[in-house]
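[1] Based on what follows, work out the 3D shape:
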Amino acid sequence: MQSFRVANRSHAQQLGDKWTVVCLALLLMAGIEFVIRGPVRALETATGFNDFLSPYVQADAFVHGLDPYSPQVLLRLWPATASHFLFLPKEVANGSLVANRGIPTAYPITALVLIAPFSLLPWNLAYALWFGMNLILFVIMLWALVELAGSSGDLYWPATILLVAGTLALAPFHTGIVTANVTLVGVELSVIAIWAAGRRYEIAAGLLLAVAAGLKPQIGLCFIFYYLLRRRWRICGIAAALLACGAAFGLLRLELGHTPWLANYLSDNHVLLETGVLGNFTPINPTRFGLINLQVALYPILGSVRVTNAVAMAVGAILVGVWIVSVARRESRDDELLDLSAIAVISLLPVYHRFYDATLLVLPLCWALNSFRRERKFAVISWLLMIPFLIPGGTLLETMEIGGRIPAGLSRHWWWDAFAMPHQVWALLFLGIVLLRAMSVYGRLPATETARG
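    From the prediction side, this is the model:
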């Protein structure tokens with residue numbers, strides 16, 4: 001009997017070693033993909049247009065007391081060391097710049113306050129600093145994710161390796177790094193803030209969430225809302241106070257300069273969300289399948305912009321309502337990662353979001369790996385629903401269709417635009433439902449059983 005047990009233990013050890021080797025191979029491949037599709041591509045396109053250029057110029061306008069949402073000011077302050085595009089003066093002159101390009105961006109005044117220090121540097125140096133900060137925060141976020149997964153005690157444990165590999169392989173991170181979008185910083189800071197909140201570093205958590213929400217309200221506010229429901233008053237109070245101070249400082253600066261900015265800010269938002277190309281979810285926007293909000297999938301079915309927006313908002317409200325009830329009914333708070341994963345996914349559905357915003361999927365990815373032993377069914381389903389985000393599927397299909405590589409007979413079917421092209425949107429919707437179901441199941445478990453799992 002003793003020899004049988006020793007043999008079994010030896011066999012299990014061998015299986016564990018083989019599994020670790022497989023995971024390390026996946027980590028290596030994911031790391032290579034991340035470097036090539038992220039930092040390398042970013043460096044290759046550094047002299048071109050990116051999503052940080054407009055906020056940088058707008059922050060410069062803010063510092064000088066000019067209207068940061070004016071296309072004319074954007075053109076006047078465009079950096080001499082940045083690429084100069086022929087469309088800029090032309091589209092500023094005919095008033096189509098915001099509708100066609102989405103610039104000047106409609107970021108809140110708090111974002112410009114936070115980006116203002118970068119505008120004091122020459123463009124090339126500011127971009128290099130922003131790029132480097134993104135990568136440093138990404139590494140810190142990876143470490144925080146490992147800590148959140150409870151796997152930090154053994155860096156070679158297969159689940160830890162898979163978590164890091166999965167994060168490196170998520171295509172939204174590659175897109176976020178290449179485009180230099182502020183979303184990436186918002187997500188990274190939010191994940192680090194969640195780790196800090198779990199360790200009761202409440203001042204740090206409140207500060208990080210304030211910066212995340214100040215840069216990108218759609219990213220940071222949902223987490224502040226969660227801590228408000230959990231009555232983590234110190235975190236919410238610090239975040240709210242810092243956001244209020246940032247907004248007050250920004251408004252005071254513009255007021256002292258007698259800058260008429262509000263009309264352009266409201267116009268930029270209206271154009272982006274309703275009449276502009278980039279945020280439009282109808283065929284007017286040739287790149288609409290780079291969006292991941294629910295409207296993109298619903299419009300081909302419903303055929304009306306107004307009805308589509310109403311249904312998307314209604315679905316979002318229902319999911320948020322179910323989430324609030326589930327959070328309130330949970331007998332144990334041991335699995336906050338599940339609650340945060342659910343609201344992160346749900347927040348992507350009812351309002352404007354682009355592909356790089358799906359970097360929030362690191363939270364359900366972390367939760368699924370952490371809970372695999374406890375509830376394998378929900379974990380496996382969650383993994384399957386996140387697989388589409390290993391490649392920019394919607395954009396890839398769009399490129400193939402425009403290039404004539406998709407048979408016309410296939411792309412003309414109504415279900416092509418309703419289900420095939422926006423497949424990532426449907427994956428997000430089903431993932432949100434799966435996470436809500438998991439919350440409901442765990443909410444009925446006794447606290448001791450949840451902790452033991």
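[2] For this structure, which residues score under the pLDDT cut-off?
    Applying pLDDT under 70 to the chain picks out residues 1-16, 151-156, 331-334, 443-453.
[3] And the strands in it?
    In the chain, no strands are defined using DSSP state E.
[4] domain ranges for it?
    The chain breaks down by automatic domain parsing into domains covering 1-275, 280-453.
[5] possible to save those domains as a markdown table with mean neighbour count?
    Using the backbone N, CA and C atoms, a C-beta is placed for each residue, glycine as well. Formatted as a markdown table, the domains of the chain follow (neighbours: other C-beta atoms under 10 Å):
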| stretch | mean neighbour count |
| --- | --- |
| domain 1-275 | 18 |
| domain 280-453 | 19 |
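[6] ok, which stretches of the stretch 351-453 of the chain are helices?
    Taking DSSP state H, counting those that start in this stretch as the criterion, the stretch 351-453 of the chain carries its helices at 362-370, 376-386, 393-402, 408-411, 414-415, 423-443, 447-452.
[7] So which of the ones you listed is nearest Ile194?
    helix 362-370 (7.7 Å; C-beta to C-beta).
[8] got a list of contacts for that closest one?
    141, 145, 148-151, 159, 162-163, 166-167, 170, 187, 191, 194, 335, 337-338, 340-342, 344-345, 378-380, 382-383, 386, 431, 435 (C-beta atoms under 8 Å, 6 or more residues apart in numbering).
[9] Pull it out as PDB, backbone CA atoms only.
    The C-alpha coordinates for helix 362-370 follow below in PDB (Å, rounded to 0.1, in the frame of the first residue of the first chain):
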ATOM      1  CA  VAL A 362      -8.200  41.100 -16.400                       C
ATOM      2  CA  LEU A 363     -10.500  41.100 -13.400                       C
ATOM      3  CA  PRO A 364     -12.700  38.200 -14.500                       C
ATOM      4  CA  LEU A 365      -9.600  36.400 -15.900                       C
ATOM      5  CA  CYS A 366      -8.100  36.700 -12.400                       C
ATOM      6  CA  TRP A 367     -11.300  35.600 -10.700                       C
ATOM      7  CA  ALA A 368     -11.800  32.600 -13.000                       C
ATOM      8  CA  LEU A 369      -8.300  31.300 -12.400                       C
ATOM      9  CA  ASN A 370      -8.600  31.900  -8.700                       C
END
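[10] what angle separates it from helix 376-386?
    Here helix 362-370 runs at an angle of 140 degrees relative to helix 376-386 (axes from the mean of the first three to the mean of the last three C-alpha atoms, to 10 degrees).
[11] now helix 362-370 against helix 423-443, angle please.
    50 degrees.
[12] hmm, back to that, can you check which of the helices of the stretch 351-453 of the chain gets nearest to Asn181?
    That would be helix 393-402 among the helices of the stretch 351-453 of the chain, by C-beta to C-beta, at 14.4 Å.
[13] helices and strands around the closest one, which ones?
    If contacts are counted by 3 or more C-beta pairs under 8 Å, 6 or more residues apart in numbering; DSSP states H and E, helix 393-402 sits against helix 423-443.
[14] CA atoms only: put the helix it packs on into PDB for me.
    Provided in PDB are the C-alpha atoms of helix 423-443 (Å, rounded to 0.1, in the frame of the first residue of the first chain):
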ATOM      1  CA  HIS A 423     -19.300  38.600 -31.600                       C
ATOM      2  CA  GLN A 424     -17.200  40.200 -28.900                       C
ATOM      3  CA  VAL A 425     -20.100  42.300 -27.700                       C
ATOM      4  CA  TRP A 426     -22.300  39.200 -27.300                       C
ATOM      5  CA  ALA A 427     -19.400  37.500 -25.500                       C
ATOM      6  CA  LEU A 428     -19.300  40.400 -23.000                       C
ATOM      7  CA  LEU A 429     -23.100  40.300 -22.500                       C
ATOM      8  CA  PHE A 430     -23.000  36.500 -21.800                       C
ATOM      9  CA  LEU A 431     -20.000  36.900 -19.600                       C
ATOM     10  CA  GLY A 432     -21.800  39.500 -17.500                       C
ATOM     11  CA  ILE A 433     -24.700  37.200 -17.100                       C
ATOM     12  CA  VAL A 434     -22.500  34.300 -16.100                       C
ATOM     13  CA  LEU A 435     -20.700  36.400 -13.500                       C
ATOM     14  CA  LEU A 436     -24.100  37.500 -12.100                       C
ATOM     15  CA  ARG A 437     -25.200  33.900 -11.900                       C
ATOM     16  CA  ALA A 438     -22.000  33.000 -10.000                       C
ATOM     17  CA  MET A 439     -22.600  35.900  -7.600                       C
ATOM     18  CA  SER A 440     -26.100  34.500  -7.000                       C
ATOM     19  CA  VAL A 441     -24.800  31.000  -6.300                       C
ATOM     20  CA  TYR A 442     -22.000  32.100  -4.000                       C
ATOM     21  CA  GLY A 443     -24.400  34.500  -2.300                       C
END
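[15] can you put the helices of the stretch 351-453 of the chain in a markdown table and add distance to Leu28?
    Shown next, in a markdown table, are those (distance: least, C-beta to C-beta, whole Å):
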| stretch | distance to Leu28 |
| --- | --- |
| helix 362-370 | 18 |
| helix 376-386 | 20 |
| helix 393-402 | 24 |
| helix 408-411 | 36 |
| helix 414-415 | 39 |
| helix 423-443 | 26 |
| helix 447-452 | 35 |
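[16] Select, out of those, the one closest to Ile36.
    helix 393-402 (16.2 Å).
[17] residues making contact with that closest one?
    For helix 393-402, the surrounding residues in contact (C-beta under 8 Å, 6+ apart) are 286-287, 289-292, 355, 406, 411, 420-424.
[18] Could you rerun that using 6 Å?
    289-290, 406, 411, 421, 424 (C-beta atoms under 6 Å, 6 or more residues apart in numbering).
[19] in this structure, which residue is closest to the centre?
    Asp357 (2.7 Å; C-alpha atoms, centre = their mean).
[20] is it true that it touches Thr183?
    Yes. Using C-beta atoms under 6 Å, Asp357 is in contact with Thr183, at 5.4 Å.
[21] quick one, what contacts Tyr356?
    Taking C-beta under 6 Å, 6+ apart, we find Tyr356 in contact with 172, 175-176, 181, 183.
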